[in-house]
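> A predicted structure for the sequence below; I have some questions about it.
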Amino acid sequence: MINKLNNYLLFFIFLVFLVFIRLNTISYEIISWDEATYIIAGQEILNGFLPYENLYEMKPPLLYYLYSLPLFFHNSLESVRIFGLILIFISSISFFYILIKYVEKQIAFIVSLGFISIFNYYFWLETSSEIVILPLLLISFICFRNYKKSYLSLIFLGLLISISTLVRLNIVVLAFFIFLYMIFDKYECKKTQFYNLIIYVLSGLLPLLFLIYLYNYHGKINLFYTGTFEVPLVYSSENNFLDGAINYLRTILKLSYFNPINFGTVLVSFGLSVFRPNILLKDNGKFNIFYYGIMFTTILAGQGFSHHLIVLIPFILIFSFTKVIRNSFINNCKLLLLFVLISTQAIYSISPNIDLINNKYNFSLDYKIKELANSETMKDKKVLALDYHLYYFYNSYYYPSKIIHTPAWVRVTTEDRLKPLVNINYISSNESEAVLSHEYDYILCSSRICEEGRRTLDNVMIKSILKDFKEFRRIKKYSKWEHTKYSDLILYKNLKKSD
């Protein structure tokens, strides 16, 4: 029956299911640090600044331009989450179009629903940089499959991979893998091979050349180079390849153990497929370039947190569901696993969705940081947010530094990471001391940072900063931390100041 259904109807089902399982996303004000940072950076674009010009965060510039899009239509957290939903919807369509070339339409449909279901995992509810580039990478793979057949596909391949790299710098590894594949790919005409390489490289350089021109025009080319390349390279050098491999494996095992509904089914499906024959045929080499290229983008950078897996998940599913013999017992087992995943995610989403309906879709009822930022208590007050720095998006009265990610000031590695910015006089050499020694009215923090402490933070410094402050307000279990832990929101008041 599915074979007879129009693709547009299937896509409508994708959208309805996606909205249903992620509608509650908008109610979560805080999911991780990164989203708040990108929101503030995107807001700076709309304020007329270039990325890094007024405030700094070490992701490449195009991420902030893309983040400014939803904020342009509505300057709110809700618009960013809806933007993420749209990106996953586009990704699901792209994923479906990839699969139907290799498997029956009904299988592609069910697997695509399973793909959507995975994004109901709590820490993937935010609009991360991985979700921003996910549709770009999937469409890039479609273009890569056809790059010999059409110059237009080749141009789009170069452009999309370049844009992805200028959103997440480590995608340059995948760009290089593609380049190597095109060098060693077999051609009937060497001249055509040479032309294809030139087109791919030139197309890929266009977004970069545009940014170079833009920054050079404004006399800030040094800032572009330092902010886009030097600081991230210092960050990535903190870990090595072995660290990345261990982190990747540890994350996969933790996800499967603590979230078996989301990831256990994927892991079992992957295991059932490893020794099965694939049906990718001539596309197998191209698929491996993306599959291993994306994997290495994270491992080579020494990273391996759960959000880094987002861009690999669709390719794991493609790997699993195209390495089977059609109508086999193995295939039926995997479809059953996916059915369990899809139905369970739908059930999990019922309760929070009912709560939203009862609240008449007033998402802001759960926005405690917004409530705090707009309160009379905090009006015209200097606040240092050592966590929950989304506060500055709501209340722009005072920003303590040129570094958007204010929790970075208490990291053990802060000085090394920011040294390139000191070298170009973007910030002073004693910036950290200046920021942390200001007489703030309040400090906004979390129990995980200001009470429990973390290995990557200078916990002694944090305690010294708080010595003149007392707890003014606490919201227990306000945000989730890792897999099972929760963190309290704590507002500290300066003992030396009075209202």
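Good, I have the coordinates.

> avg pLDDT for stretch 309-321?
Mean per-residue pLDDT for stretch 309-321: 90.

> without its sequence neighbours, what residue ends up closest to the residue nearest the centre of the chain?
Centroid-nearest residue in the chain: residue 128, 2.5 Å away (criterion: C-alpha atoms, centre = their mean). The shortest distance from residue 128 to any non-neighbouring residue, by C-beta to C-beta, 6 or more residues apart in numbering, is to residue 307 (5.0 Å). Any C-beta I mention is one placed from the backbone N, CA and C, and that applies to glycine too.

> what do you get for residue 181?
Spatially, and ignoring its direct neighbours in sequence, residue 181 is nearest to residue 289 (5.0 Å; C-beta to C-beta, 6+ apart).

> do I have it right that that neighbour meets residue 182?
No - Residue 289 is beyond contact range of residue 182, at 9.6 Å (criterion: C-beta atoms under 8 Å).

> and the strand ranked longest in the chain, what's buried?
Across the chain, the longest stretch assigned as strand under DSSP state E is strand 469-481. By 16 or more other C-beta atoms under 10 Å, the buried positions in strand 469-481 come out as 469, 475, 478, 479, 480.

> ok, of those, which one's closest to residue 142?
residue 480 (35.2 Å; C-beta to C-beta).

> any idea how far the closest one lies from residue 121?
11 Å (C-beta to C-beta, to the nearest Å).

> quick one on the thing from earlier: contact partners for the residue nearest to the centre of the chain?
32, 34, 35, 84, 307, 310 (C-beta atoms under 8 Å, 6 or more residues apart in numbering).

> how's this structure carved up into domains?
2-351, 367-494 (automatic domain parsing).

> distance between the ends of the last one?
I take that to be domain 367-494. Distance across domain 367-494, first residue to last, is 24 Å (C-alpha to C-alpha, to the nearest Å).

> chain center to that domain, what's the gap?
22 Å (C-alpha atoms, centre = their mean, to the nearest Å).

> any idea of the mean pLDDT for it?
The model assigns domain 367-494 a mean pLDDT of 91.

> how about stretch 166-185?
For stretch 166-185, the mean pLDDT works out to 94.

> can I get the helix or strand that contains residue 173 in PDB, CA atoms only?
Element membership of residue 173, judged by DSSP states H and E, is helix 172-184. Provided in PDB are the C-alpha atoms of helix 172-184 (Å, rounded to 0.1, in the frame of the first residue of the first chain):
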ATOM      1  CA  VAL A 172      37.200  19.600   6.500                       C
ATOM      2  CA  VAL A 173      38.300  16.000   7.100                       C
ATOM      3  CA  LEU A 174      35.300  14.800   5.100                       C
ATOM      4  CA  ALA A 175      36.000  17.400   2.400                       C
ATOM      5  CA  PHE A 176      39.500  16.000   2.100                       C
ATOM      6  CA  PHE A 177      38.200  12.400   1.900                       C
ATOM      7  CA  ILE A 178      36.000  13.300  -1.000                       C
ATOM      8  CA  PHE A 179      38.800  15.000  -2.800                       C
ATOM      9  CA  LEU A 180      41.000  11.900  -2.400                       C
ATOM     10  CA  TYR A 181      38.200   9.700  -3.700                       C
ATOM     11  CA  MET A 182      37.800  11.800  -6.800                       C
ATOM     12  CA  ILE A 183      41.600  11.600  -7.400                       C
ATOM     13  CA  PHE A 184      41.600   7.700  -7.300                       C
END
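
> which helices and strands does that helix pack with?
Counting contacts by 3 or more C-beta pairs under 8 Å, 6 or more residues apart in numbering; DSSP states H and E, helix 172-184 packs against helix 151-165, helix 190-217, helix 284-299.

> closest to residue 57 out of those?
The closest of the helices and strands packed on helix 172-184 to residue 57 is helix 190-217. By C-beta to C-beta, the value is 15.8 Å.

> name the helices or strands packed onto the closest one?
Judged by 3+ C-beta pairs under 8 Å, 6+ apart, helix 190-217 is in contact with helix 61-73, helix 151-165, helix 172-184, helix 221-225.

> how far off centre is that helix?
With C-alpha atoms, centre = their mean as the basis, helix 190-217 stands 26 Å off its chain's centre.

> pLDDT averaged over it, what's the number?
Per-residue scores along helix 190-217 average to 94.

> the inter-axis angle of that helix versus helix 151-165?
With axes from the mean of the first three to the mean of the last three C-alpha atoms, to 10 degrees as the basis, helix 190-217 and helix 151-165 are set at 40 degrees to each other.

> which of the residues in helix 190-217 are buried?
193, 196, 199, 200, 203, 204, 207, 208, 211, 215.

> so the fifth one versus residue 138, what's the distance?
With distances defined as C-beta to C-beta, the gap from residue 203 to residue 138 amounts to 18 Å.

> please enumerate the strands of the stretch 351-499 of the chain.
Taking DSSP state E, counting those that start in this stretch to define them, one finds strands in the stretch 351-499 of the chain at 383-385, 442-446, 469-481, 485-494.

> out of those, which gets nearest to residue 459?
Distance to residue 459, taken as C-beta to C-beta, is lowest for strand 442-446 among the strands of the stretch 351-499 of the chain, at 12.2 Å.

> other SSEs contacting the closest one?
strand 383-385, strand 469-481, strand 485-494.

> export it to CSV, keeping only CA atoms.
Provided in CSV are the C-alpha atoms of strand 442-446 (Å, rounded to 0.1, in the frame of the first residue of the first chain):
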residue,chain,number,x,y,z
TYR,A,442,24.5,38.6,41.2
ILE,A,443,26.1,35.4,40.0
LEU,A,444,24.0,32.9,38.1
CYS,A,445,25.3,29.4,38.4
SER,A,446,24.4,25.7,38.6
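
> helix or strand right after it?
Using DSSP H and E, the helix or strand that follows strand 442-446 in sequence is helix 447.

> list the helices and strands that following helix packs on?
Contacts defined by 3+ C-beta pairs under 8 Å, 6+ apart place helix 447 against strand 485-494.

> at 10 Å what do you get?
strand 469-481, strand 485-494 (3 or more C-beta pairs under 10 Å, 6 or more residues apart in numbering; DSSP states H and E).

> so which of these comes closest to residue 169?
It's strand 469-481; of those, that one is closest to residue 169 (C-beta to C-beta) at 26.7 Å.

> could you give the angle of that closest one to strand 442-446?
Interaxial angle of strand 469-481 relative to strand 442-446 (the same axes, to 10 degrees): 30 degrees.

> what lines up beside strand 469-481 in the sheet?
Strand 469-481 has the following strand partners under DSSP bridges: strand 485-494 (antiparallel).

> name the element residue 88 belongs to?
Residue-wise, residue 88 maps onto helix 77-99 under DSSP H and E.

> average pLDDT for that helix?
The pLDDT scores in helix 77-99 average 95.

> with just CA atoms, put that helix into PDB.
Output of helix 77-99 as PDB, limited to C-alpha atoms (Å, rounded to 0.1, in the frame of the first residue of the first chain):
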ATOM      1  CA  LEU A  77      14.100  30.600  21.900                       C
ATOM      2  CA  GLU A  78      11.000  29.100  20.400                       C
ATOM      3  CA  SER A  79      11.900  30.200  16.900                       C
ATOM      4  CA  VAL A  80      15.400  28.500  17.200                       C
ATOM      5  CA  ARG A  81      13.700  25.200  18.300                       C
ATOM      6  CA  ILE A  82      11.200  25.400  15.400                       C
ATOM      7  CA  PHE A  83      14.200  26.100  13.100                       C
ATOM      8  CA  GLY A  84      15.700  22.800  14.400                       C
ATOM      9  CA  LEU A  85      12.500  21.000  13.700                       C
ATOM     10  CA  ILE A  86      12.500  22.300  10.100                       C
ATOM     11  CA  LEU A  87      16.100  21.100   9.700                       C
ATOM     12  CA  ILE A  88      15.300  17.600  10.900                       C
ATOM     13  CA  PHE A  89      12.300  17.500   8.600                       C
ATOM     14  CA  ILE A  90      14.400  18.400   5.600                       C
ATOM     15  CA  SER A  91      16.900  15.800   6.800                       C
ATOM     16  CA  SER A  92      14.200  13.100   7.000                       C
ATOM     17  CA  ILE A  93      13.200  13.800   3.400                       C
ATOM     18  CA  SER A  94      16.800  13.700   2.200                       C
ATOM     19  CA  PHE A  95      17.300  10.500   4.100                       C
ATOM     20  CA  PHE A  96      14.200   8.900   2.600                       C
ATOM     21  CA  TYR A  97      15.400   9.800  -0.900                       C
ATOM     22  CA  ILE A  98      18.700   8.200  -0.200                       C
ATOM     23  CA  LEU A  99      17.200   5.000   1.000                       C
END
